[in-house]
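Engineer: quick one, fold the following:
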Amino acid sequence: MADKVAKLQIPHSSDTIELPIYSGTAGQDVIDIQALGKHGVFTYDPGFMSTASCKSKITYIDGDQGILLYRGYPIEQLAEKSDFLEVAYLLLNGELPNAKQKADFDERIMNHTLIHDQLVRFFQGFRRDAHPMAILCGVTGALSAFYHDSLDINNPQHREIASLRLIAKMPTIAAMCYRYNMGFPFMYPRNSMSYAENFLHMMFGMPTTPDKTPDPVLVRAMDRILTLHADHEQNASTSTVRLAGSSGANPFACIAAGIASLWGPAHGGANEACLNMLMEIGTEDRIPEFIARAKDKNDSFRLMGFGHRVYKNFDPRAKIMRESAHEVLAALGCADEPLMKVAMRLEKIALEDEYFVSKKLYPNVDFYSGIILKAMGIPTSMFTVIFALARTVGWISQWNEMIGDEQRIGRPRQLYIGAAQRDLVPMDKRA
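Structural biologist: Numbering: from 1, shown residues only. Predicted coordinates:
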């Protein structure tokens with residue numbers, strides 16, 4: 001029972017509708033509007049800006065205060081003190097693992113890193129210049145054709161094995177998207193490596209130098225990127241996964257749907273857009289020109305990677321990524337490259353200029369992650385692929401939660417503004 005009730009009076013009706021008000025652990029109260037349909041009215045909320053589509057225990061965001069929690073734990077603490085697979089265990093299971101649980105989980109993940117050999121041949125059907133996200137979306141959806149022994153979504157064991165397979169195989173598939181695009185031979189995973197280290201090995205390793213291992217600084221930075229992007233509440237791609245899953249679709253198809261949604265430039269392409277902006281600026285001497293344009297409200301130019309739609313104060317992930325960005329630039333000795341000098345100069349301006357400070361346009365996680373990925377030598381076309389790799393565990397956790405809650409199939413309503421009912425006129429009598 002709700003402790004509070006909202007009362008709604010519908011015009012031209014004597015009915016007063018009572019709507020329960022619920023309070024969560026944190027965040028805004030929500031009004032339960034499920035009863036509205038019985039009274040012949042629906043709500044209208046394009047983009048679901050004021051609508052809670054589900055209840056969830058996984059992630060909480062307070063954009064005004066700059067707070068991001070995974071299962072109640074601040075993202076800053078997790079990024080500093082945990083690795084990605086520990087965070088993955090937390091998102092999936094609700095609690096942090098002890099030492100034995102962590103070791104068992106790591107082993108189970110690493111034992112599923114290989115993909116079916118026939119799926120490897122699937123790559124040959126794509127053009128070499130295909131966008132990596134197109135390949136990732138297609139191959140992920142095709143997993144259900146190879147691992148159909150775990151597609152019963154009502155079976156908890158099936159859901160668990162499908163979850164492990166997706167988390168384990170996504171780095172392998174993501175790296176193969178890059179290697180295929182570049183014309184490089186595929187690198188097999190090495191299960192003795194950590195999750196992030198293994199991914200970088202599969203991305204940049206070569207059969208001719210089998211003993212070469214990724215730089216620990218780059219491994220740590222990649223692990224943080226994965227951790228910081230693992231989940232982010234009910235965004236477009238997560239909602240897509242939940243909506244697809246509500247129909248009973250298999251988990252591989254649902255994650256492929258999430259990847260397709262993430263591919264949109266308004267969602268997963270922010271760090272790529274940031275790098276493109278830096279390349280457009282080109283050199284430090286052109287920065288004042290672009291700063292002036294950014295301050296001109298009549299100019300369509302916008303500085304990408306500054307401020308955030310959700311975080312009105314600051315992005316809690318940005319401070320961690322800033323530290324990693326500077327570590328990576330120092331380790332690779334590329335801080336003096338023109339593009340990186342432009343980035344660091346923009347960062348300094350954004351942190352000191354009164355215009356940016358007053359409007360809280362601080363560098364966000366996309367700004368720093370874009371710099372890190374570029375410094376590592378990862379092409380911008382792969383940025384969203386890495387985002388999808390990180391977000392897979394969040395999508396799977398949200399999907400699992402939805403199945404467990406027995407949520408009904410999603411069926412949004414609409415405000416119809418088309419033609420009223422009319423009779424068909426024979427073609428020879430039409431004007």
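Engineer: show the backbone phi and psi for Y22.
Structural biologist: phi -110, psi 150 (degrees, to the nearest 10).
Engineer: show the pLDDT at it.
Structural biologist: The model reports Y22 with a pLDDT of 91.
Engineer: who's it bridged to?
Structural biologist: Counting by DSSP bridges, Y22 forms beta bridges with V30.
Engineer: tell me the secondary structure for L19?
Structural biologist: strand (DSSP: H, G, I helix; E, B strand; the rest coil).
Engineer: how many neighbours does it have?
Structural biologist: By other Cβ atoms under 10 Å, 17 other residues sit near L19. C-beta here means a position set from N, CA and C on the backbone, and glycine is covered the same way.
Engineer: these two touch, right, it and L8?
Structural biologist: Yes. With contact defined as Cβ atoms under 8 Å, L19 and L8 form a contacting pair (6.1 Å).
Engineer: now do the shared contacts for those two.
Structural biologist: Listed as contacting both L19 and L8 by Cβ atoms under 8 Å, 6 or more residues apart in numbering are L36.
Engineer: surely I281 is in contact with I287?
Structural biologist: Yes. If you go by Cβ under 8 Å, I281 and I287 touch, sitting 6.3 Å apart.
Engineer: these two: which is more packed in?
Structural biologist: Using other Cβ under 10 Å as the criterion, I281 and I287 rank with I281 on top: 20 against 16.
Engineer: who's in contact with the more buried one?
Structural biologist: I281 touches I287, F290, V342, L346, counting by Cβ under 8 Å, 6+ apart.
Engineer: distance of it from M340?
Structural biologist: Using Cβ to Cβ, to the nearest Å, we find I281 at a distance of 12 Å from M340.
Engineer: circling back to that earlier point, taking the contacts of I281, tell me the two that lie furthest apart.
Structural biologist: F290 and V342 (9.4 Å; Cβ to Cβ).
Engineer: those two: who's more crowded?
Structural biologist: Set F290 next to V342 and count neighbours by other Cβ under 10 Å: V342 wins out with 22 against 19.
Engineer: dihedrals phi and psi, that one?
Structural biologist: The phi/psi pair for V342 (degrees, to the nearest 10) is phi -60, psi -50.
Engineer: would you agree it is in contact with E280?
Structural biologist: No. Contact between V342 and E280 fails when scored by Cβ under 8 Å: they sit 9.9 Å apart.
Engineer: the contacts of I281 in helices, which ones?
Structural biologist: Those of these mapping onto helices are I287, F290, V342, L346, per DSSP state H.
Engineer: which residue is the nearest non-sequential neighbour of the last one?
Structural biologist: Once its chain neighbours are removed from consideration, L346 has its nearest residue in I287; the separation is 6.5 Å (Cβ to Cβ, 6 or more residues apart in numbering).
Engineer: tell me what the lengthiest helix in the chain is packed against?
Structural biologist: If you go by DSSP H, the chain has its longest helix at helix 156-182. Counting contacts by 3 or more Cβ pairs under 8 Å, 6 or more residues apart in numbering; DSSP states H and E, helix 156-182 is packed against helix 99-110, helix 132-146, helix 195-204, helix 251-262, helix 383-404.
Engineer: which other residues reach the helix or strand that the shortest one is followed by?
Structural biologist: It refers to helix 195-204. With elements assigned by DSSP states H and E, the helix or strand that comes after helix 195-204 is helix 216-228. When contacts are defined by Cβ under 8 Å, 6+ apart, helix 216-228 is touched by residues 75, 78-79, 82-84, 87, 194-197, 199-200, 317, 320-321, 324-325, 327-328, 331-332, 365, 369, 372-373, 376, 386, 389-390.
Engineer: what residues sit buried inside the host helix or strand of E280?
Structural biologist: In this structure, E280 is located in helix 270-281 according to DSSP H and E. Buried positions in helix 270-281, judged by neighbour count with 16 or more other Cβ atoms under 10 Å: A270, N271, E272, A273, C274, L275, M277, L278, I281.
Engineer: take these and lay them out in a markdown table including pLDDT and distance to R121.
Structural biologist: Shown next, in a markdown table, are those (pLDDT from 0 to 100; distance: Cβ to Cβ, whole Å):
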| residue | pLDDT | distance to R121 |
| --- | --- | --- |
| A270 | 79 | 34 |
| N271 | 78 | 32 |
| E272 | 82 | 29 |
| A273 | 83 | 34 |
| C274 | 85 | 36 |
| L275 | 85 | 33 |
| M277 | 89 | 39 |
| L278 | 89 | 38 |
| I281 | 91 | 43 |
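Engineer: kindly reformat those as JSON lines containing distance to G264.
Structural biologist: Output for these, formatted as JSON lines (distance: Cβ to Cβ, whole Å):
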{"residue": "A270", "distance to G264": "11"}
{"residue": "N271", "distance to G264": "14"}
{"residue": "E272", "distance to G264": "12"}
{"residue": "A273", "distance to G264": "12"}
{"residue": "C274", "distance to G264": "16"}
{"residue": "L275", "distance to G264": "17"}
{"residue": "M277", "distance to G264": "18"}
{"residue": "L278", "distance to G264": "21"}
{"residue": "I281", "distance to G264": "25"}
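Engineer: out of the residues you listed, which comes closest to N181?
Structural biologist: Using Cβ to Cβ, E272 comes nearest to N181 of those, at 15.0 Å.
Engineer: and A130, what is it in contact with?
Structural biologist: Here A130 is in contact with N181 (Cβ under 8 Å, 6+ apart).
Engineer: just the C-alpha atoms of stretch 276-291, please, in CSV.
Structural biologist: Extracted in CSV, the C-alpha atoms of stretch 276-291 (Å, rounded to 0.1, in the frame of the first residue of the first chain):
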residue,chain,number,x,y,z
ASN,A,276,35.9,14.7,-34.1
MET,A,277,35.6,18.2,-32.5
LEU,A,278,39.2,18.1,-31.3
MET,A,279,40.3,17.2,-34.9
GLU,A,280,38.1,20.0,-36.2
ILE,A,281,39.9,22.5,-33.9
GLY,A,282,43.2,21.1,-35.0
THR,A,283,45.7,23.3,-33.2
GLU,A,284,45.9,25.3,-30.0
ASP,A,285,46.0,28.7,-31.8
ARG,A,286,42.4,28.0,-33.1
ILE,A,287,41.0,27.4,-29.6
PRO,A,288,39.9,31.0,-28.9
GLU,A,289,37.9,31.0,-32.1
PHE,A,290,36.0,27.9,-31.1
ILE,A,291,35.6,29.1,-27.5
